[in-house]
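Visitor: Take a look and give me a structure for this.
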Amino acid sequence: MTQVPPYVPGHQLLAGKSVLITAAAGAGIGHAAARRCVEEGCRALMISDIHPRRLEEAVERLRAETGLEAIHGQLCNVTDEAQVQALVAAAEEALGGVDVLINNAGLGGQRRLVEMADEEWQTVLDVTLTGTFRMTRAMLPAMQARGRGVIVNNASVLGWRAQKEQAHYAAAKAGVMALTRCGALEAAEHGVRINAVAPSIAFHEHLRKSASPDLLESLAAREAFGRAAEVWEVANVMMFLASDYASYMTGEVVSVSSQRA
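Guide: Numbers count the residues shown, from 1 in each chain. All right, here's what the predicted structure looks like:
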């Protein structure tokens, strides 16, 4: 197993930009992306989550650790259209317009196909795929009216690759990839870019609670580096896609993975 590389300092990739991130409280990719946005110079940030206390703590911690006061929190369940619309409206007002939206909300689980109930299938797709659709649909009108903006979606290599007990999650993430490509064509007419990252595996607290240690160990062992990604390593690629360095990229799904071909 190779060693985790040093944490890379920010390079002002998002200097002067405002960012909205869904499901960004806690210790996952969303929170890592939120911290990275501030380190990359964003002028204002709003994060959302469904857990009130976790959201409040995340906002306070980000302010304390980064020194940026313009960090806001808003409760939002992406399965609820009214809450999605309220989140986008609040972000537009508090941030003075949203330059970057990172759609991070997603839900997984383990279940064999023959044992999977309709409700479990529908819940995973509603959060992971339809939630991304709702947020994108709500955000695009304002971005398109301004003639600029970036959306970065969180997909997964399971949108391409098969894995047992992941039919619902893989189907949802494959849908996120298709949504990214199709939405990008429409948004490009208005100067808005839509791309996605597709991580293989990044260990964080929520993942450890939702998957068995044996499964996580076996997935990490498949990686060329012999380890899972750090959440900030996924966030780094999100920052690139959100930045002007990726100005000619849209409709792309970038694999953040060291899996062998």
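
Visitor: After the longest helix seen in the chain, which helix or strand is next?
Guide: Among the segments of the chain that qualify as a helix by DSSP state H, the longest is helix 167-188. Sequence order places strand 192-199 as the next helix or strand after helix 167-188, per DSSP states H and E.

Visitor: That next one: partners in the sheet, and parallel or antiparallel?
Guide: strand 149-154 (parallel), strand 253-256 (parallel) (DSSP bridges).

Visitor: hmm, back to that, which helices and strands does the longest helix of the chain pack with?
Guide: Contact here means 3 or more C-beta pairs under 8 Å, 6 or more residues apart in numbering; DSSP states H and E; on that basis helix 167-188 packs against helix 118-125, helix 131-146, strand 149-154, strand 192-199, strand 253-256. Where you see a C-beta, it was placed from the backbone N, CA and C, and this is true even at glycine.

Visitor: Reformat those as a markdown table; add mean pLDDT, distance to residue 212 and mean neighbour count.
Guide: Shown next, in a markdown table, are the helices and strands packed on helix 167-188 (pLDDT from 0 to 100; distance: least, C-beta to C-beta, whole Å; neighbours: other C-beta atoms under 10 Å):
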| stretch | mean pLDDT | distance to residue 212 | mean neighbour count |
| --- | --- | --- | --- |
| helix 118-125 | 98 | 17 | 14 |
| helix 131-146 | 98 | 26 | 20 |
| strand 149-154 | 98 | 22 | 26 |
| strand 192-199 | 98 | 19 | 25 |
| strand 253-256 | 97 | 23 | 20 |
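
Visitor: for the ones you listed, which one sits closest to residue 88?
Guide: helix 131-146 (4.4 Å; C-beta to C-beta).

Visitor: quick one: that closest one to chain centroid distance?
Guide: Remark: helix 131-146 is offset 15 Å from the chain centroid, using C-alpha atoms, centre = their mean, to the nearest Å.

Visitor: I'd like to know how far residue 66 sits from residue 27.
Guide: For residue 66, the distance to residue 27 equals 16 Å [C-beta to C-beta, to the nearest Å].

Visitor: Correction: the previous question concerned residue 109.
Guide: For residue 109 relative to residue 27 (C-beta to C-beta), the value is 19 Å.

Visitor: Distance to residue 246 added to the strands paired with strand 192-199, as TSV?
Guide: Listed next are those as TSV, based on distance: least, C-beta to C-beta, whole Å:
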stretch	distance to residue 246
strand 149-154	8
strand 253-256	9
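
Visitor: Take the helices and strands packed on helix 167-188 and lay them out in CSV including distance to residue 16.
Guide: Converted to CSV, those look like this (distance: least, C-beta to C-beta, whole Å):
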stretch, distance to residue 16
helix 118-125, 36
helix 131-146, 14
strand 149-154, 13
strand 192-199, 17
strand 253-256, 24
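
Visitor: Determine which of the ones you listed approaches residue 8 most closely.
Guide: The nearest among the helices and strands packed on helix 167-188, by C-beta to C-beta, is strand 253-256 at 14.3 Å.

Visitor: Extract the C-alpha trace of that closest one and format it as CSV.
Guide: Presented in CSV, the C-alpha positions along strand 253-256 are these (Å, rounded to 0.1, in the frame of the first residue of the first chain):
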residue,chain,number,x,y,z
VAL,A,253,-17.4,12.2,-16.2
VAL,A,254,-13.9,12.1,-14.7
SER,A,255,-12.9,9.0,-12.9
VAL,A,256,-11.2,9.5,-9.5
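
Visitor: Which strands and helices lie in contact with the host helix or strand of residue 72?
Guide: Element membership of residue 72, judged by DSSP H and E, is strand 71-75. Contacts defined by 3+ C-beta pairs under 8 Å, 6+ apart place strand 71-75 against strand 44-49, helix 52-66, helix 81-95.
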